[in-house]
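Enquirer: Using only what follows, build the 3D model:
(2 chains)
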Number of protein chains: 2
Amino acid sequence: MNSSIDFYFDFSSPYSYLASTRIDALASELGRTVSWRPILLGPIFKQIGTTPLIEIPSKGAYMLRDLERTAQLFGIAYLSPSPFPIATVKAARAMLWVEKNSGEAQARDFAHRTFRAYFTEQKNISDLEIVLGILSQTGLDPKRAAHEIEQENIKVALKDQTADAMARGVFGAPFMFIDDEPFWGFDHLDHLEKWIKHKETKAART
Amino acid sequence: MNSSIDFYFDFSSPYSYLASTRIDALASELGRTVSWRPILLGPIFKQIGTTPLIEIPSKGAYMLRDLERTAQLFGIAYLSPSPFPIATVKAARAMLWVEKNSGEAQARDFAHRTFRAYFTEQKNISDLEIVLGILSQTGLDPKRAAHEIEQENIKVALKDQTADAMARGVFGAPFMFIDDEPFWGFDHLDHLEKWIKHKETKAART
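Expert: Numbering: from 1, shown residues only, chains lettered A, B, ... in the order given. As a prediction, this is how the structure comes out:
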């Protein structure tokens, strides 16, 4: 059986959002599924010692322009998020809770709604009330969620997922693995596609 | 008249090399020319305060893998350079000298040969003798070159070009401008192509 594409993202990463709009269709075209894995970039940047792009003056200005342009060129709805960047620990924990309680499909639905809220409606998804509102839209109980996402098992699950990502070499987002091959960044969805087709062509020849 | 694509690169930047193999054909397809502009990334990184990718452990390992894979997927000859990174001040000055004395076409020829020497033959282009050898291949006088690339006018030309690049927002390489629109990185050649076609389609409609 073909392995899934492991898709690591942070809900405040604009390039992760862009990738989130394309990855399911790409995986489907390649005969794969996607394993959606929220992580926190903050602890990763801290451990590696890198600075977020947005905090480096010339890179930050370029990034804002590139994001608007990339969204336009690829036909992706996008409104520059504000405030930016934000803490996404609540959104990420909420997603892990949805996955645990209601399965992957519902968790993916929550992820899409959360990305859209932040990157197309400028809703501040660092705010618990906003996150709970999204959970309500998907038919889940916000009161129960508010309680359970603060429990130790969910906190640990997110820490572990972030640590696992780092152990695999993740240093930014989006970061994808297919058959353990690593691909970093929105632009590398194209590389991932080329790579798997190249590999399958070779396999078919032998 | 359509403006040229301004192509800023450092001779020790592998992604610049990858871009160098595609940019002339891309420009030609878009009805543009390319203005090849060697710069030094060292002073730019120093001023901005960024660290070269290769010096960040997880990013460096990813980069080496990504370079080999990207070259393979795009059908570009590539041999991981060694030593890496290197000082490219002599190669960059030599290119500016060729341009001044023999024109853009010969300078571009020198640039292609220099990139190939480093990225397909593992020749150490920080070594003056290697650079002079490449100049000889293009029919230029290595003795005269050795003297003239140490003159103030050439030194200043390279400093100015690097400073001009920074003033335009260049913070890495390759970095391209088309009609003053900035594009960073090998992957962004595709964005540049999409952008100009999008712009021309819009212009044709009005």
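Enquirer: Tell me which stretches of chain A form strands.
Expert: Ranges of strands within chain A are A:5-9, A:34-38, A:175-178, A:181-184, based on DSSP state E.
Enquirer: my guess is residue A:182 meets residue B:62, correct?
Expert: Yes - using C-beta atoms under 8 Å, residue A:182 is in contact with residue B:62, at 6.1 Å. Any C-beta I mention is one placed from the backbone N, CA and C, and that applies to glycine too.
Enquirer: what about the closest residue to residue A:130 other than its chain neighbours, how many neighbours?
Expert: Using C-beta to C-beta, 6 or more residues apart in numbering or on different chains and skipping residues adjacent in sequence, the residue nearest residue A:130 is residue A:123, 5.2 Å away. For residue A:123, the tally of surrounding residues (other C-beta atoms under 10 Å in any protein chain shown) stands at 17.
Enquirer: Repeat that for residue A:200.
Expert: Residue A:200: 13 neighbours (other C-beta under 10 Å).
Enquirer: Could you check how far it is from residue B:151?
Expert: Distance, residue A:200 to residue B:151, using C-beta to C-beta, to the nearest Å: 56 Å.
Enquirer: Kindly report the same for residue A:119.
Expert: In terms of C-beta to C-beta, residue A:119 sits 53 Å off from residue B:151.
Enquirer: still on that earlier bit, now render the strands of chain A as CSV, adding mean pLDDT, mean neighbour count and distance to residue A:134.
Expert: As requested, the strands of chain A are exported to CSV (pLDDT from 0 to 100; neighbours: other C-beta atoms under 10 Å in any protein chain shown; distance: least, C-beta to C-beta, whole Å):
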stretch, mean pLDDT, mean neighbour count, distance to residue A:134
strand A:5-9, 98, 24, 16
strand A:34-38, 98, 22, 14
strand A:175-178, 98, 24, 24
strand A:181-184, 98, 20, 28
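Enquirer: which residue packs closest to the residue in chain A positioned nearest to chain B, ignoring adjacent ones?
Expert: Distances between chain A and chain B by C-beta to the nearest C-beta are smallest at residue A:187, namely 3.8 Å. Among residues not flanking residue A:187 along the chain, residue B:187 sits closest, at 3.8 Å (C-beta to C-beta, 6+ apart).
Enquirer: so that neighbour makes contact with residue A:184?
Expert: No - assessed by C-beta under 8 Å, residue B:187 is found out of contact with residue A:184, at 10.7 Å.
Enquirer: give me every residue that touches residue A:65.
Expert: residue B:182 (C-beta atoms under 8 Å, 6 or more residues apart in numbering or on different chains).
Enquirer: Recalculate using a threshold of 10 Å.
Expert: B:169, B:181, B:182 (C-beta atoms under 10 Å, 6 or more residues apart in numbering or on different chains).
Enquirer: Also residue A:115?
Expert: Per C-beta under 10 Å, 6+ apart, neighbours of residue A:115: A:9, A:11-14, A:16-21, A:91, A:125.
Enquirer: what residue ranges in chain A score low on pLDDT?
Expert: A:1 (pLDDT under 70).
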